[in-house]
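Peer 1: any chance you could fold what I've pasted below:
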Amino acid sequence: MLAKRVFFIPVIFLLVIGCAGVPVRERVKVDFNLPIGKIQGSQFTGIRYPFNVSAPPGWEISMTYPAFMVELGYEKPGLEESQAFVYNPKTQSNLQIEFVPAGQYVVFSQASIEWLTSSTAGGLVSDVKDDFGVPVDLSATEPISLKGVQYAAKKYGTYTVKDVKREQGWIYAFTEPYQIFILYMIFEKEGSNDRQDLKTILDSFEAVSKK
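Peer 2: Modelled structure (predicted):
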């Protein structure tokens, strides 16, 4: 299915590359008895995982995926792994955030984050070709600054389906002791400001230290 399968790849890669001979961090313990977070108005505050994000006007924020994402072809199991969703119900542009504890032996750097971000692009191209039969124009992989994040990189692909241009992108990041996956889809519909709104959402994101 479109949009999620490709993004499992970085987790698999991190099992076999960039590993130290001795543990570089304690085993991360996640208390699944804790709620995922709380939403007050347009602001999400993480409880199970330490991050905050807010929704711009016209967008909504939720801890469960909107039904339209399944209709777009996202896989339910993948959606259920994310902790927060920010979306525009009118245009169906959307963003999802997932935190995953890093392994004890994995060593991160900006270079490795950018390499892993780039490595998933072939999966997107293949998925779009299988689902829609259209080509994908890929962006360069670029570092991106997120508040409270040590290393992060962004890449996206653009393609057109039924005369609507889509931008499908992914941000892969690390801040001790978590891997962070931010996946988004922008539908370029007339009269919308979703691309600028995406920047506003990313500017609002913050990983919060538990120390």
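Peer 1: from here on, contacts and neighbour counts on C-alpha atoms
Peer 2: Fine.
Peer 1: now name the helix or strand holding the spatially most central residue of the chain.
Peer 2: Centroid check for the chain by Cα atoms, centre = their mean gives residue 182 as the closest residue, at 1.3 Å. Assessed by DSSP states H and E, residue 182 sits inside strand 178-188.
Peer 1: give the pairing partners of that strand; include direction for each.
Peer 2: strand 94-101 (antiparallel), strand 164-175 (antiparallel) (DSSP bridges).
Peer 1: beyond that strand, next helix or strand please.
Peer 2: helix 194-204.
Peer 1: now what about that following helix, what contacts it?
Peer 2: The contact list for helix 194-204, computed with Cα atoms under 8 Å, 6 or more residues apart in numbering, reads 52, 53, 54, 55, 56, 93, 146, 147, 186, 187, 188.
Peer 1: count the neighbours of the last one for me.
Peer 2: I take that to be residue 188. Other residues near residue 188 come to 18 when the count uses other Cα atoms under 10 Å.
Peer 1: does it touch residue 163 like I think?
Peer 2: No - counting by Cα atoms under 8 Å, residue 188 stays clear of residue 163, with 9.9 Å between them.
Peer 1: what angle separates the strand holding residue 182 from helix 194-204?
Peer 2: Between strand 178-188 and helix 194-204, the angle comes out at 160 degrees (axes from the mean of the first three to the mean of the last three Cα atoms, to 10 degrees).
Peer 1: if anything else comes up later, I'll come back, but that's it for now.
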